[in-house]
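Visitor: Fold the following for me, if possible:
(2 chains, ligands or ions: 2)
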Amino acid sequence: MSFVTVRNIFQSYGTRPILERVNLDVDEGEFVSIVGASGCGKSTFLRLLLAEERPTRGEIRIDGAAPAREPGRERGVVFQRYSVFPHMTVRGNIVAAESFATPLGRLAYGARRAARDRAQQVLDRIGLGHMADAYPAALSGGMQQRLAIGQALQARPRILLLDEPFGALDPGTRLSMHAFLQELRAETGMTVFMVTHDLEEGFKLGDRVLVFDKPRWDPTDPDIIGATITYDFDARNGGFPYQATQEDPHVPDTP
Amino acid sequence: MRLINRTPGPALRVFLTLLPFALALVVYMIASEARLAANPQDRLLPSPATIGDTAVRLFTTGDRRTGRILLWHDTGASLLRLALGVGIAALAGLLSGLAIGLLPHVRAAFSPFVAVLSMIPPLAVLPILFITFGLGELSKVVLIVVGITPFLIRDMGQRVIDIPREMIVKAQTLGASSLVIALRVALPQIMPRLIQSVRLSLGPAWLFLIAAEAIASDLGLGYRIFLVRRYLAMDVILTYVIWITFLAFVMDWGLRSLSRRLYPWAGGGL
Ligand SMILES: Nc1ncnc2c1ncn2[C@@H]1O[C@H](COP(=O)(O)OP(=O)(O)OP(=O)(O)O)[C@@H](O)[C@H]1O
Ligand SMILES: [Mg+2]
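Guide: Ligands and ions are numbered 1, 2, ... in the order given. Just a heads-up that it's a prediction; the model follows:
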């Protein structure tokens, strides 16, 4: 049995279907890139994986466990924005990955010292050691995302979900973030899902690239059909189709 | 260059800041001069010199009977009422706002209720307060609390709701419980907002305080103003008004400095 199992997921908001019949099996340690047109439901799918929302139908299991009812420590997440806490220092943000799980969200004195030392090591490791006492507002966008990834990994999640984590960064910073992420991944062997609008980025980082799209096209009411995984590429292999598409993707030839 | 892009230099800025104050003073002096020229006994617009003398007397000379300097006693009594009222209201606003903002059940139960409550004109319920809580300190403090709490609850609740969803989700992925999210994510983020809202509530709080003191009291800044009104002692009234304005200004400034010092991450704009 695969590590992450997605079975027959349907998700609608009101009467409007967003996702339909999504099935997916992901092995532990795989890096899955997700691409697709804007508004097709990629973030929705990530929210379902995160258990921030529950699907209208179908279920998602991690390592065979019962479907989660709310987000928890086994799922880490980095959004495009607002992924770090602005009221905590850079070091405090890393320490939060340990302290938030305690009953009052604070560590006792001794434990706090140890956690701060560990946090400092993490920061040195991700190149933010010199900014430990600053507030996130003083960091550049790339540094903030690095901090957010470091914070998420510090909680030792089983899967890491990234929603356009580098979407707001310039190309140079983006490249260094790729190297950073690949390094962390080689180290932790983490299972990652990353939504991106950059195909090249998706193929470069991912082991697989999933394409979300509407499987059929209803000319009278396109909104009546939800999106699903229409392509599943093996990115380790130069991008050849990896799994047969589930249905014939019919895209209108002329707009 | 467009007007919106022109900024005054430092010297001009100081001048512009002082200008309206100076103008107001000059207008007052001219009006006062004119009235006093027509009738030296006029009490309506005392000259600045008279006000100055009165102020010195009020701040330093004790009451003929008791020897107490009334102005300081009035100030103490009023500030205590104000601090209690605003303090209780701020605490209630903070706790209710957190509960309403974070917990959907509490929000469903109380959000519309508070919205309706906040529409009640507080001064209209003043007689009820006097009847229920008596004419003592309690009813004055309660009027301030009743007057500003609904606003604070609504504002704090909205501020909590405005915290980006991403941050709340992020905290959950770090294992935070509802309580930890309230204490470590929502509370610190709305504290600067609370201080800001309290600053905005200080105006209404003074209004309710002076109204309550004017109607039933034997000490307090509002009581004194309405007492000497009977003797048309404009110099006393004006001294008190300037003093109250000064106190309110100092409080506003103090809260602002406090916020900047305690919450440097919140930015200076508050
Ligand atoms: N909570 C919600 N209630 C109603 N509709 C929603 C909700 N969340 C998302 N939607 C709708 O679902 C659709 C898919 O949204 P989603 O954010 O998943 O798209 P996306 O693929 O991530 O797009 P983008 O690439 O622009 O981020 C959108 O049309 C959006 O309007
Ligand atoms: Mg999205």
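
Visitor: Close to chain B: what parts of chain A are there?
Guide: Proximity of chain A to chain B, by C-beta under 8 Å from any C-beta of the partner chain, involves residues A:50, A:52, A:70-73, A:75-77, A:79, A:81-87, A:96-97, A:99-106, A:135-137, A:151-152, A:155, A:157. For every residue, glycine as well, the C-beta is placed using N, CA and C.

Visitor: How about the residues of chain A by ligand 1?
Guide: Within chain A, the positions near ligand 1 by C-beta under 6 Å from any ligand atom are A:Tyr13, A:Ile18, A:Gly36, A:Ser38, A:Gly39, A:Cys40, A:Gly41, A:Lys42, A:Ser43, A:Thr44.

Visitor: burial of the second one, as a residue count?
Guide: If you count neighbours by other C-beta atoms under 10 Å in any protein chain shown, A:Ile18 ends up with 18.

Visitor: Repeat that for the last one.
Guide: Number of residues near A:Thr44 (other C-beta under 10 Å) recorded here: 21.

Visitor: Looking at per-residue confidence, what score does it get?
Guide: Note for A:Thr44: predicted pLDDT of 94.

Visitor: what does the third one give?
Guide: Here the pLDDT value assigned to A:Gly36 is 92.

Visitor: tally of neighbours for it?
Guide: For A:Gly36, the number of neighbouring residues by other C-beta under 10 Å comes to 21.

Visitor: Bridge partners for it, pull those for me.
Guide: Judged by DSSP bridges, the bridge partners of A:Gly36 are A:Phe212.

Visitor: and it, what does it touch?
Guide: A:Lys42, A:Val211, A:Phe212, A:Asp213, A:Ala227 (C-beta atoms under 8 Å, 6 or more residues apart in numbering or on different chains).

Visitor: Got the phi and psi for B:Asp42?
Guide: Backbone torsions for B:Asp42, taken as degrees, to the nearest 10, come to phi -60, psi 140.

Visitor: ditto for A:Thr230
Guide: The phi/psi pair for A:Thr230 (degrees, to the nearest 10) is phi -100, psi -20.

Visitor: what do you get for B:Leu221?
Guide: Dihedral angles for B:Leu221 - degrees, to the nearest 10 - are phi -60, psi -40.

Visitor: pretty sure it contacts B:Glu213?
Guide: Yes. Checked against C-beta atoms under 8 Å, the pair B:Leu221 and B:Glu213 is within contact range at 7.0 Å.

Visitor: show me where chain B has strands.
Guide: Taking DSSP state E as the test, none of chain B falls into strands.

Visitor: repeat for chain A
Guide: Here chain A has its strands, by DSSP E, at A:4-13, A:16-26, A:31-36, A:57-62, A:75-78, A:159-163, A:191-195, A:208-213, A:228-234, A:240-243.

Visitor: Dump those strands into a markdown table; add distance to A:Leu184 as well.
Guide: Shown next, in a markdown table, are the strands of chain A (distance: least, C-beta to C-beta, whole Å):
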| stretch | distance to A:Leu184 |
| --- | --- |
| strand A:4-13 | 19 |
| strand A:16-26 | 18 |
| strand A:31-36 | 11 |
| strand A:57-62 | 20 |
| strand A:75-78 | 12 |
| strand A:159-163 | 9 |
| strand A:191-195 | 10 |
| strand A:208-213 | 19 |
| strand A:228-234 | 22 |
| strand A:240-243 | 24 |
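
Visitor: between the ones you listed, which gets nearest to B:Pro192?
Guide: strand A:75-78 (25.8 Å; C-beta to C-beta).

Visitor: name the helices or strands packed onto that closest one?
Guide: helix A:42-50, helix A:141-154, strand A:159-163, helix B:165-173 (3 or more C-beta pairs under 8 Å, 6 or more residues apart in numbering or on different chains; DSSP states H and E).

Visitor: coming back round to it: among the residues of chain A next to ligand 1, which ones are buried?
Guide: Buried by 16 or more other C-beta atoms under 10 Å in any protein chain shown: A:Ile18, A:Gly36, A:Cys40, A:Gly41, A:Lys42, A:Ser43, A:Thr44, out of the residues of chain A next to ligand 1.

Visitor: weakest of the helices and strands packed on strand A:75-78 by average pLDDT?
Guide: helix A:141-154 (a mean of 90).

Visitor: quick one: that one to helix B:165-173, angle?
Guide: For helix A:141-154 against helix B:165-173, the angle by axes from the mean of the first three to the mean of the last three C-alpha atoms, to 10 degrees is 30 degrees.
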